[in-house]
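Engineer: below are the sequence and a predicted model; questions follow.
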Amino acid sequence: MRGERLEMEVQEESEEKIKYILPKIAERDLRRFANLHSTSSELGLRLPLDKMPVKCPVSGIIKQRKIQGQDCLEVSWEEMHGWA
């Protein structure tokens, strides 16, 4: 009984960590992609997005939103680092 409860607590804690860390990884990957795209454009390289050496982590835009008065996009993410 105690082992099952402990296992559930560990699983819940792991899920919370995943919910926290995945957006951070996605943001880092998106910044990396955006910086590379911006820098290459400034240098006169006009690479198509599918030819970039870093893959864009955003697979699509789901919906436009306004959060606290700021325009935002809800997006779907590519699978990252083995995470679904």
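Structural biologist: Received, thanks. Residues are numbered from 1 along each chain as shown.
Engineer: what are the phi and psi values for residue 33?
Structural biologist: phi -60, psi -50 (degrees, to the nearest 10).
Engineer: contact partners for it?
Structural biologist: Residues near residue 33 by Cβ atoms under 8 Å, 6 or more residues apart in numbering: 52, 54-57. For glycine as for every other residue, the C-beta is placed from the backbone atoms N, C-alpha and C.
Engineer: the lengthiest strand in the chain: how far from the chain's middle?
Structural biologist: Of all the elements of type strand in the chain, the one with the most residues (DSSP state E) is strand 58-67. Counting by Cα atoms, centre = their mean, to the nearest Å, strand 58-67 is centred 12 Å from the centre of its parent chain.
Engineer: sheet-wise, list the partners of it with their directions.
Structural biologist: Strand 58-67 has the following strand partners under DSSP bridges: strand 70-77 (antiparallel).
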